[in-house]
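Q: Got a predicted structure plus its sequence, pasted below:
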Amino acid sequence: SLKEFNPLFILRYSATHRTQHNTIHRLDALDAYNQKLVKKIAVRGISIKGLAGTNSYLFLEGIDVSNQAPPIARIELEVRQKSGIKRIIRKLGKGDNLHDCSDGLDQYKGYVISDINANTDTVEFTNGVIIHAGEAVGDLNEAALRRIQIREAVKAHFDKEKTLFHQGIKVLTLFFIDEVAKYRVYTADGEEGGEYAKIFEEEYQSWLAEVKQNLYLAEDYRKYLDKIPAARTHNGYFAIDKSSKRLIDPETGKKSTETDDVDAYDLILKDKERLLSFKEPTRFIFSHSALREGWDNPNVFVICTLKHSDNTISRRQEVGRGLRISVNQHGERQDDPATVHQ
């Protein structure tokens, strides 16, 4: 319609131009970062090697270091139990034998920890295998990969929350998923949590117990965590089918990324202040396509993408959901140049 006005010129403004015309002014990602107009970004990646399906499964989550004891590795491995073989995280030290830790699973024969190096974040075994933090070895299917991603997102959330809680800043984590059914399932008996919701609650409870073991955890933060049930701290924002009132995958036009996710945006926009309050238990948000204008909550600090995507613009928009400078409980923008990137 703008062309019908016969303008002498048009100024276009966007963070993600599909076609770049004559650039008048440019504020790129690096400029925005250097001028401290956006958050600092850190990426947690997961490396995978040896996917023949015959190798023993291992995932090195991280290495704990203390002044009083040698470093300890947090390793997820398969363990034989009465109910079958389960993948469990164990805290292991130098000399520990994974064959024993797994209750005698043959695939772990020869896996004895010979060195735990906190400087290089690596664990070495007597059979020559070396694994780095964030690296998975062996048979890793899609479900296992998504569980690791959810676990790392929960862990990153707590790391950030422990720091910012006392500054009155509520931390939000955003999950992007490819279909509502993985978060919420509708049956003849009603609705229930989908695959990702169940995995989330399991990993949340597990890491919450780990956090609360910290003897130096501030008492007011501990009380805050105790008041929030796992089932109420996550929520899904999707389009709503107006006839059935059920959440649905939003419709996406062939030539556009616009969706009918209007209800989701309204809910978030109208309740943004409540969402930023510590009184509101929701801290983890699952969404299908919170990409268009409107879904910008300044207190999103962690983003986890649980879907396949090779669309560069969509990925930039997803990251952009968490770039705005956060606000505290009084709605004050936390943009002091001295502390904004901390």
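A: Looks like it came in fine. Residues are numbered from 1 along each chain as shown.
Q: Would you confirm that residue 70 contacts residue 92?
A: No: between residue 70 and residue 92 no contact is recorded; they are 11.2 Å apart, counting by Cβ atoms under 8 Å. Yep, even glycine has a C-beta here, placed from its N, CA and C like the rest.
Q: Which one's more surrounded, these two?
A: The residue with the greater number of neighbours, taking residue 70 and residue 92 and applying other Cβ atoms under 10 Å, is residue 92; the counts read 19 against 11.
Q: dump the residue contacts of the more buried one.
A: Remark: with contacts taken as Cβ atoms under 8 Å, 6 or more residues apart in numbering, residue 92 is in contact with 72, 73, 74, 75, 98, 101, 113.
Q: Just flag the most distant two among the residues you listed.
A: Across these, the longest distance by Cβ to Cβ is 14.5 Å; it joins 72 and 98.
Q: out of these two, which sits in the busier spot?
A: Here residue 72 and residue 98 are compared on neighbour count by other Cβ under 10 Å; more neighbours surround residue 98, at 23 against 19.
Q: correct me, but the more buried one touches residue 111?
A: Yes: taking contacts as Cβ under 8 Å, residue 98 lies within contact range of residue 111: 3.8 Å.
Q: tell me, what's touching those two both at once?
A: Shared contacts of residue 98 and residue 111, defined by Cβ under 8 Å, 6+ apart, comprise 56, 58, 125.
Q: and which of the residues you listed is nearest residue 168?
A: Nearest to residue 168 out of these is residue 58 (Cβ to Cβ; 40.7 Å).
Q: I'd like to know the predicted local confidence at the closest one, please.
A: Residue 58 is assigned a pLDDT of 89 by the prediction.
Q: same deal with residue 31?
A: Residue 31 carries a pLDDT score of 94 in this model.
Q: Kindly indicate which of the shared contacts of residue 98 and residue 111 lies nearest residue 299.
A: Closest to residue 299 out of those is residue 58 (35.4 Å), distances taken as Cβ to Cβ.
Q: For the closest one, give me its contacts.
A: Applying Cβ under 8 Å, 6+ apart, one finds that residue 58 lies in contact with 75, 76, 77, 98, 111, 131, 136, 137, 138.
Q: Would you list the phi and psi of the fourth one?
A: Put plainly, it is residue 98. phi -70, psi -30 (degrees, to the nearest 10).
Q: who touches it in this structure?
A: Contacts for residue 98 (Cβ under 8 Å, 6+ apart) come out as 56, 58, 75, 77, 92, 108, 111, 112, 113, 125.
Q: quick one: which of these sit in strands?
A: Here DSSP state E is the test, and the contacts of residue 98 give 58, 75, 77, 92, 113, 125 as lying in strands.
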